[in-house]
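K.L.:
Turn this into a model:
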Amino acid sequence: MEEWEGQQLGVSPNSKGSARQPERIHNTTMDANRGAVFCATGSFNYLEAALISSLALRRHEPTLPITLLSNIAGLEALDLEGTGIAVRQIAPELSPGSEAFASRWIKTQLASLSPYRVSLYVDADMLTMQPLGQLWQALDQFPIGLVPDRLPLVSQCDHVDAEEKVMTLATLGGDATHFNSGLILWRSSEEAHNLFAHWHQQWCHFERHDQLALARAIHRSGVNVKSLPSSYNTSPRDARGRSVHLLHRWGGTVSRGIFRRFAAAHQPAVVAEAQRRLQSLPIP
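P.N.:
Prediction:
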């Protein structure tokens, strides 16, 4: 078993997947002004992870609208009846050799792709462990909210090419905040749209990872970012004994099936629901 997969983490008492089934949405009123956005690009593994992540959020937030953005063909056949999840087809415009980073193309343009006035983006390798609580109130005085990375300074970022890091350090210095882009909360506003425009522009320099591009975009746009509590974007290795809203199992875990096993260890009913619904697709 992968490390952390079967361990009990700091979550609410009812957050184990065996405690209750994913909720079906039929007669519940949804607020179309506020919703969550997920992204699934490139492969069945990422679609599966995004659906698991979406259904895990649905289980804890039964009235929150959810939109899944994807470049995968044929998703009109996906059985989403009763889930409150909508699919929107996206066709990223990528340079040759950058196809594996289609999700970043989408992520850096979320302000124009989300159908909601107030939006929450969640990476496909994140698992909601309890209701979102007071998260939305973070936007009362800020246009956007992000969780600092577990390596919270730009100088500590260790997952990008040396060329991009050198460029970023020359622009920002090493003490600039390094935010994790796995969870993004924003309200539709001139400030947020300006930030995303800068983010996409900065990302296009390298068309690879997006977090240092985000740091440069924050600097260039001058936007005032609300630092969200780490409980909304926590690595399992940091979650022991803590109350956690969302676990982030990053590090290439989707393509290797690790995220699926991790989710099944904590919310088996959600994973079973996702796999049952995916059977409606002609995808091996």
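
K.L.:
end-to-end on stretch 228-248?
P.N.:
Stretch 228-248 has an end-to-end distance of 15 Å (Cα to Cα, to the nearest Å).

K.L.:
Averaged pLDDT, that stretch. What do you get?
P.N.:
In this model, stretch 228-248 has an average pLDDT of 95.

K.L.:
and if you look at stretch 58-76?
P.N.:
Per-region confidence: stretch 58-76 scores 95 on mean pLDDT.

K.L.:
Please point out which parts of that stretch sit buried.
P.N.:
For stretch 58-76, the neighbour count (16 or more other Cβ atoms under 10 Å) marks 58-61, 64-72, 75 as buried. In this view, the C-beta of every residue, glycine as well, is placed from N, C-alpha and C.

K.L.:
shaky segments in the stretch 51-200 of the chain?
P.N.:
97 (pLDDT under 70).

K.L.:
Let me see the ranges of the helices in it.
P.N.:
Remark: helices assigned in the stretch 51-200 of the chain by DSSP state H, counting those that start in this stretch are 102-107, 110-113, 162-172, 190-203.

K.L.:
Reformat these as CSV; add mean neighbour count and distance to Gly222.
P.N.:
CSV is the format used below for those (neighbours: other Cβ atoms under 10 Å; distance: least, Cβ to Cβ, whole Å):
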stretch, mean neighbour count, distance to Gly222
helix 102-107, 23, 21
helix 110-113, 17, 16
helix 162-172, 15, 13
helix 190-203, 20, 8
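
K.L.:
So which of these is nearest Trp250?
P.N.:
helix 102-107 (12.8 Å; Cβ to Cβ).

K.L.:
coming back round to it: closest one to Ala49 among the helices of the stretch 51-200 of the chain?
P.N.:
Comparing the helices of the stretch 51-200 of the chain by Cβ to Cβ, helix 102-107 comes nearest, at 11.0 Å.

K.L.:
Give me the helices and strands touching the closest one, please.
P.N.:
Secondary-structure packing of helix 102-107 (3 or more Cβ pairs under 8 Å, 6 or more residues apart in numbering; DSSP states H and E): strand 34-40, helix 190-203.

K.L.:
Including distance to Leu281, could these go into CSV?
P.N.:
Listed next are the helices and strands packed on helix 102-107 as CSV, based on distance: least, Cβ to Cβ, whole Å:
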stretch, distance to Leu281
strand 34-40, 12
helix 190-203, 30
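
K.L.:
out of these, which comes closest to Leu127?
P.N.:
Of all these, strand 34-40 sits nearest to Leu127, with 12.3 Å by Cβ to Cβ.
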